[in-house]
Structures are given as C-alpha cells and as structure tokens.
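Could you look at this predicted model? Sequence included:
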Amino acid sequence: MSVERHYQREFVRTFFTSPTAVQGEEDSAKMIRSAAQLRGMQAPDVWVPDNEDATAPSMRKEGIENIIEVVAEHGADFPGEIHPRIVWHRESPATRYQGFKQMLEIAASDTDAIEHIDGFVVPEVGDIDDWKKADEFLTIVETECGLDEGCLSMSVIIESGEAELALGDLREEMGKPANNLERLFLLVDGEVDYTKDMRAMTPTGELPAWPELRHNTSRGASAAGLIAVDGPFDDIRDVEGYRNRMTENRAKGMSGIWALTPGQVVEANTAPLPAKTGSWLIEVDDQTTELESRDGREVAELDELALEELDSGQYRFRVGTNEQTLNEDELREELIDLTAYVPSMSDIVDSMEEFEAAKADGLGAIAMTRSATLVIDEVAISLSKDRMWDEATYQAAQTPISLFQDVYKNRPDQHAELEERYGADIVERTLSVGT
C-alpha cells in the first residue's frame with residue numbers, strides 16, 4: 001500500500017496529547033473524538049492520541065480500538081499530523097513488544113486508519129540501540145501491512161540520561177544501511193520522567209527547569225536535521241509562565257512545545273509567529289517592560305525611572321537609586337542602552353526587502369535605522385538605533401519568516417486567521433520574501 005503523507009514540516013509549534021480512552025464515560029473516546037475535530041489556531045501541528053501516560057493501563061486495549069475508529073472517521077479532515085503514542089520502555093522487553101503490537105494493530109486495521117497516521121511517538125527510549133529497536137519494529141509493521149518502507153515517521157521522547165546521551169550518536173547512526181533512522185521526526189523532552197531518572201530534587205518538589213536538556217535536545221535536532229519540542233508545562237493556568245517558557249525555548253532554537261489543553265495549543269501556535277505590531281522595551285533592574293505607544297511616542301511610566309530637564313540644558317535622570325546629571329547626548333546614550341525594539345512582521349519584511357534590493361545593487365552590508373521618541377515624566381527624547389545588516393543578519397532574520405511560510409503552506413485552515421492578524425498585503429509580501 002502506498003500511503004500519502006500530509007507534508008514534510010520544517011517547524012512544529014504544537015505537540016498536543018489527548019487520552020485515547022477515558023474510564024467511566026459513556027463514550028470512552030470522547031477526548032480524542034473532540035481533538036480530532038479541532039481546526040484553525042485550536043488545532044495543533046502534531047496531534048498525539050496518547051495511549052501511554054495519559055491513558056490508564058486497564059484502558060489501553062480499548063484506547064487502540066478508539067484510535068482506529070476516530071482516525072478512520074476524522075483523520076482525512078484533520079489539518080495537522082497524527083502521531084499516536086504507544087507504550088515502550090528501554091528496560092522492559094515485554095513493554096516494547098506491547099508497543100509493537102499496538103502499532104501493528106493500528107496499521108493492520110481494515111478501516112484504513114493508517115492512511116491518515118503519519119507516524120508513532122515512542123516514549124522512554126534509552127541508548128541509540130534502543131532507538132534502533134523501535135525503528136526495526138516500525139519497519140516490520142510496514143512490511144507486514146504492505147506499506148512503503150520508511151513511510152511511518154518515528155518521534156522519541158527524551159526521558160532519561162541514556163536518551164540524552166544518544167542525541168550525540170544520531171549524526172553517525174542515521175543513514176547507515178542497517179537501520180531506517182531517517183524516519184526520525186521529532187525529539188521531544190519529557191522533563192517529568194527525566195527528573196525521576198536523574199534522581200533530581202528541589203526544595204519545593206517542583207520540576208527543575210532543565211535548560212541543559214532543552215539545549216541538548218535542540219542541538220541534537222539541529223545536527224540531525226530533526227525538530228525539537230519542549231515537554232509539558234503542567235501549570236495550565238499560568239499562561240504568562242507558558243509564554244515565558246516558549247520565549248526561552250525560541251532563544252535555544254526550539255520553536256515547538258507540548259500542549260495539554262486547547263488553550264495551550266492556541267498560545268503555542270501563536271507565540272512563535274512574528275509580532276503583529278512592533279514594540280519598544282525598556283529594561284530596568286533586570287525587569288523588561290513594554291512601553292506604551294501614544295500619539296507616535298513611546299511612554300515609560302515606571303516608579304524606577306525619573307527624568308527632569310534642568311534650566312542649564314542638562315537632565316537629571318534616575319534609574320532605581322542611581323541618579324545622574326547628564327547632557328542630552330549622554331542621556332540619549334543611556335536610554336539607547338536601556339531600550340530595545342521588537343520588530344513586527346512588517347518591519348522584518350521591510351528590512352529584508354531593503355537588503356535584497358541593496359544586494360542586487362552590489363552592496364554587501366547596509367545600515368538600518370530605527371527611530372522613536374521616548375517620554376519619561378513628560379520629557380521627550382528622540383532616540384535612533386542603527387544596526388548593520390549583512391548576509392548573516394539577513395539569514396537570521398529569515399528564521400521567523402521561514403516559520404510563517406511553513407505554517408501558511410501546511411496549515412490552510414489557519415489562512416483566514418493569519419490574514420486577519422497581519423493583513424492580506426503583509427501576508428502576500430511575507431510569502432514572497434527570501435524565496
């Protein structure tokens with residue numbers, strides 16, 4: 001059987017898990033039945049019917065039946081990829097065999113549900129030999145069910161020190177004739193089990209942040225041409241904390257994150273996209289605040305800041321407890337050091353188009369200027385920041401634009417929302433720049 005896959009993604013923003021069978025419900029499949037019908041920004045890039053941790057062991061047999069039924073009914077219309085999570089464990093041959101049987105049952109179903117399934121998620125992997133075992137089982141499933149070899153992708157969850165160390169072996173192992181590890185797709189962090197495996201403790205009992213794990217996973221994905229995804233953010237009410245976590249991740253090159261609720265899916269789908277409007281920030285005492293735009297001016301109203309213009313043409317400027325008397329040029333330099341600009345998608349596209357035009361004229365680098373009028377205590381100061389753009393700067397700026405282009409290509413169900421967010425003209429220009 002030749003199975004056509006949805007697409008090959010360059011980015012994944014959202015990894016959304018839902019239990020495959022809920023005990024005590026009239027319809028045990030209600031959670032995955034609901035998830036399968038999500039659309040637009042509420043629908044994830046990758047949906048994971050979770051037949052492992054999210055589903056009670058006593059319900060997992062029914063969970064496989066539910067996956068087959070729901071995916072067969074709704075899979076053709078689901079706008080993202082579908083990757084069920086099966087059971088697996090690096091130290092348990094019996095559990096690994098159960099995972100194999102789960103994949104085989106789904107793939108062999110006469111409902112043809114497998115036509116809408118892009119791959120499987122394998123949890124609790126160990127060293128690289130364990131990854132190869134999962135890959136071999138997938139090859140057997142493909143062979144047994146008459147599928148094209150390698151058509152099912154494999155994503156793994158990094159939940160142990162062994163799995164983290166295996167990230168360093170991927171470049172050497174992928175592509176060897178003895179395995180099909182080219183089927184790898186996502187590297188997903190699982191901080192909860194990783195914490196247990198590392199025997200880590202914190203005074204409050206909360207999870208460590210594990211920035212090293214997220215960095216290593218992102219680095220491993222980059223080196224092997226894969227996609228890195230952060231693990232679950234359990235405090236589903238802490239929207240700001242979720243946003244901050246995603247901001248930290250993007251600085252590590254990790255644009256994807258686990259989502260536990262449709263609300264988190266919306267946040268995670270939106271957060272990596274370029275800003276709708278540009279904004280100025282000011283940092284005082286290690287706290288960053290977005291300035292309020294009023295009538296074309298950027299207004300800073302912070303107790304930690306004070307500015308007074310003196311009769312002598314000097315300025316008295318206070319930041320926290322530090323007060324200085326400065327002339328206008330000195331004040332401007334201080335404010336330039338304290339402020340930063342977050343460009344909108346339109347700003348990025350403008351700059352890229354300007355650099356492309358300059359490059360066509362034979363220039364290798366140009367200066368881009370960003371200006372604003374900053375107001376503190378009703379005293380206005382004009383600021384101007386210059387940034388030199390060369391080919392490296394251009395390529396770095398292209399990352400959020402490439403993400404948008406990938407989203408627009410692969411998620412037509414989000415076109416209307418994206419055009420409403422940015423405007424049809426900006427979307428059209430964004431789709432053309434850098435290509």
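Arrived safely, thanks for sending.

Nearest the middle, which residue of this protein would you pick?
Centroid-nearest residue in the chain, with Cα atoms, centre = their mean: G256, separated by 1.8 Å.

what about the residue nearest to it when sequence neighbours are not counted, distance to R214?
The shortest distance from G256 to any non-neighbouring residue, by Cβ to Cβ, 6 or more residues apart in numbering, is to V229 (3.8 Å). No exception for glycine: its C-beta is placed from N, CA and C like everyone else's. Using Cβ to Cβ, to the nearest Å, V229 is found at 10 Å from R214.

and if you look at V433?
From V433 to R214 the distance is 30 Å (Cβ to Cβ).

now do E308
To R214, E308 is 45 Å away according to Cβ to Cβ.

between the two, who's got more neighbours?
Ranked by neighbour count (other Cβ atoms under 10 Å), E308 and R214 place R214 first, with 23 against 15.

okay but the more buried one is in contact with K252, surely?
Yes - if you go by Cβ atoms under 8 Å, R214 and K252 touch, sitting 5.7 Å apart.

so who does the closest residue to Q37 other than its chain neighbours touch?
Among residues not flanking Q37 along the chain, H74 sits closest, at 6.1 Å (Cβ to Cβ, 6+ apart). H74 is in contact with R33, A36, Q37, counting by Cβ atoms under 8 Å, 6 or more residues apart in numbering.

ok, back up a step: can I take it that the residue nearest to G256 is in a helix?
No - under DSSP: H, G, I helix; E, B strand; the rest coil, V229 falls outside any helix and is assigned strand.

Name the residues linked to it by a beta bridge.
Applying DSSP bridges to V229 gives these bridge partners: V188, G256.

Could you report the separation of it from Q287?
29 Å.

neighbour-wise, which of these two wins?
Using other Cβ under 10 Å, the more surrounded residue of V229 and Q287 is V229, with 30 against 9.

Hmm, G190 and the more buried one touching each other?
No - look at V229 against G190 with Cβ under 8 Å: they stay out of range, at 10.1 Å.

The residue lying closest to S34 once chain neighbours are set aside: what's it in contact with?
In space, and not counting its chain neighbours, S34 is closest to S18: 7.8 Å by Cβ to Cβ, 6+ apart. Residues near S18 by Cβ under 8 Å, 6+ apart: M31, I32, S34, A35, W47, V48, P49, D50, A54.

so S18, which of the three states?
Criterion first, three-state DSSP; result for S18: strand.

longest single helix anywhere in this protein?
Identified as the longest helix of the chain according to DSSP state H is helix 391-410.

what number of residues lie near D347?
18.

That one contacts G278, correct?
Yes - the criterion here is Cβ under 8 Å, and D347 meets it with G278 at 5.1 Å.

May I have the phi/psi pair for I158?
phi -80, psi 100 (degrees, to the nearest 10).

follow-up on the earlier one: buried residues of the next helix or strand after the longest helix of the chain, list them for me.
Downstream of helix 391-410, the next assigned helix or strand under DSSP states H and E is helix 415-422. Neighbour counts using 16 or more other Cβ atoms under 10 Å place L418, R421, Y422 of helix 415-422 among the buried residues.

how far away is the first one from V342?
If I follow you right, that is L418. Distance, L418 to V342, using Cβ to Cβ: 19 Å.

I'd like to know how far the residue lying closest to I236 once chain neighbours are set aside sits from T20.
In this structure, I236 finds its nearest non-sequential neighbour in T261, 5.3 Å apart by Cβ to Cβ, 6+ apart. Separation of T261 from T20 (Cβ to Cβ) stands at 17 Å.

Neighbour count for these two, which is higher?
Counted by other Cβ under 10 Å, T261 and T20 do not tie: T20 has more neighbours, with 27 against 12.

ok, the residue lying closest to that one once chain neighbours are set aside - how many residues close by?
In space, not counting the residues next to it along the chain, T20 is nearest to G63; the distance is 3.1 Å by Cβ to Cβ, 6+ apart. If you count neighbours by other Cβ under 10 Å, G63 ends up with 27.

doesn't P57 make contact with G63?
No - here G63 does not reach P57: they are 9.9 Å apart, not a contact under Cβ under 8 Å.
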